[in-house]
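Undergrad: A structural model of the following input is requested.
(one chain, ligands or ions: 1)
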Amino acid sequence: MLPFKLVYSDDYYLPIGSHVFPAEKYKRIHDRLLASGIAAPSDFVVPSPATDRDVLLVHTPQYVEKLKTGTLSAREQLELEVPYSPELVRAFWLNAGGSILAADHALNDGMAISIGGGFHHAFPDHGEGFCLIHDVAIAIRRMQRDGKIHRAITVDCDVHQGNGTAAIFAGARTASGPLPPVPNAPMNPAFSGNIPAKAAAKTRMHSGHAGDVFTISLHQENNYPAWKPPSSIDIDLPDEIGDDDYLAWLDNALGSGLRQFNPELLCYLAGADPYREDQLGGLSLTIGGLKKRDELVFRAAKARGIPVMVTLAGGYARKLEDTITIHCNTVVAAKEVMQK
Ligand SMILES: [Zn+2]
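TA: Residues are numbered from 1 along each chain as shown. The predicted model follows:
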């Protein structure tokens, strides 16, 4: 029995057919957690879909209407990079409901993990990069609306920058935010082709943070999205960075963020795609390094008494088994840190 809840439904499954996004991963992780004895059936709680009112805390009424009535333009559908369907919309509403439930349980138990979610490329008025709506932002806004928290921090360790998160929580910056210097290339490089670049990691820190949500993103600089709207802290990592350098940058960013900001909830996006065998990533983390990453985040939060809500985000390893292992290890890392 785990000292926290896992949020999961078989209906998290995204009906997108054969796709680089392994939609079956959620069920496979659920099954592996049970079969391996990491979790028991009683550790799981089943979410309900988010309500439209919840979704509207983050997204524009026009965009929500288009999603619900199937009236996205051809261009808007293309930007999603997943085939639109009413069933897909329902799965996203359920994933958002799962993140709300996970946030709620995290506030009670100090930790909760949704075996889904982390759709950080969704903006208030459009979706892109396999993301229709931003489940994590919706969960944060719902916790705030219910008066359960005032301030939250997002720690995004997916290999792709959390552009939607940055845009949603930029607050005053959004009105005059920079325009994309180049059109956004698709997330799946099968459509584009990555240009390798050797560079040192760069930290972009945006001082004078005034909002109620502090955003940290550690990501590969030379990857989707081409336009990276500013997070509170962005760590732009060079290609092929390994475990030790990555963990040092993460430690740095967490220390800096948690010195500046005193959140009541930490939302961790535990993307599996910084893995060296990832098809859409260009970093060189090992499976062991990714587990250390999870432990680092959980220990930093626990040391400061901050509840943690986890979502899975991306993961496109050549072998699906590796993606499953990395995500299951996040649960193991949480268990180990929380039981100490
Ligand atoms: Zn990703």
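
Undergrad: Angles on the backbone of H105, please.
TA: Note on H105: its backbone torsions stand at phi -70, psi -40 [degrees, to the nearest 10].

Undergrad: S36 now?
TA: The main-chain torsion angles of S36 are listed as degrees, to the nearest 10 and equal phi -80, psi -10.

Undergrad: Now for it: which residues touch it?
TA: Neighbouring residues of S36 by CB atoms under 8 Å, 6 or more residues apart in numbering: C328. C-beta: built from backbone N, CA, C; applies to glycine.

Undergrad: so where is this protein shaky, pLDDT-wise?
TA: The model of the chain has pLDDT under 70 over residues 171-184, 189-199, 206-210.

Undergrad: Relative to the ion, which residue of it is the closest?
TA: With CB to the ion, the shortest gap between the chain and the ion falls at G314, namely 2.9 Å.

Undergrad: helix, strand or coil for that residue?
TA: The three-state label given to G314 by DSSP: H, G, I helix; E, B strand; the rest coil is coil.

Undergrad: if I read this right, P225 contacts D158, doesn't it?
TA: No. P225 is not in contact with D158 according to CB atoms under 8 Å; the separation is 11.5 Å.

Undergrad: Determine which member of these two has the greater number of neighbouring residues.
TA: In this comparison of P225 against D158, neighbours counted by other CB atoms under 10 Å, the higher total goes to D158 at 25 against 21.

Undergrad: ok, and for stretch 211-230, which residues are buried?
TA: Within stretch 211-230, the residues that qualify as buried are 212-230, counting by 16 or more other CB atoms under 10 Å.

Undergrad: Quick one: the strands in the stretch 151-300 of the chain, in order.
TA: Secondary structure of the stretch 151-300 of the chain (DSSP state E, counting those that start in this stretch): strands located at 152-156, 202-205, 213-220, 233-237, 265-269.

Undergrad: Do the third one and the ion come into contact?
TA: No. Applying CB under 5 Å from the ion, one finds strand 213-220 out of contact with the ion, separated by at least 8.1 Å.

Undergrad: And the contacts of that strand?
TA: Outside strand 213-220, the residues that reach it (CB under 8 Å, 6+ apart) are 140, 151-162, 165-166, 169, 228, 231-239, 241, 246, 249-250, 253-254, 257, 260-261, 263, 274, 281-283.

Undergrad: and these near the ion, which?
TA: Checked against the ion using CB under 5 Å from the ion, the contacts of strand 213-220 yield the following neighbours: D158, H160.

Undergrad: Buried ones only from the contacts of strand 213-220, please, as a ChimeraX command.
TA: Buried subset of these, written as a ChimeraX selection, criterion 16+ other CB under 10 Å:
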select :140,152,153,154,155,156,157,158,159,160,161,162,165,166,169,228,231,232,233,234,235,236,237,238,239,241,246,249,250,253,254,257,261,263,274,281,282,283
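
Undergrad: Take the contacts of strand 213-220 and keep only those in helices.
TA: Among the contacts of strand 213-220, the residues falling in helices (DSSP state H) are I140, T165, A166, Y246, W249, L250, A253, L254, G257, Q260.

Undergrad: Looks like the third one contacts P225 (just checking).
TA: No. Because the distance of 9.8 Å does not satisfy CB under 8 Å, A166 is recorded as not touching P225.

Undergrad: For E264, give me its contacts.
TA: L107, I149, H150, R151, A152, I306, P307.

Undergrad: Most neighbours out of those, which is it?
TA: If you rank the contacts of E264 by neighbour count (other CB under 10 Å), A152 sits at the top with 27 neighbours.

Undergrad: I113 is in what secondary structure piece?
TA: If you go by DSSP states H and E, I113 is part of strand 111-114.

Undergrad: Can you show me the CA trace of that strand as PDB?
TA: What follows is strand 111-114, C-alpha atoms only, in PDB (Å, rounded to 0.1, in the frame of the first residue of the first chain):
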ATOM      1  CA  MET A 111       1.700  13.600  -2.700                       C
ATOM      2  CA  ALA A 112      -0.500  12.300  -5.500                       C
ATOM      3  CA  ILE A 113       0.300  11.000  -8.900                       C
ATOM      4  CA  SER A 114      -2.000  11.000 -11.900                       C
END
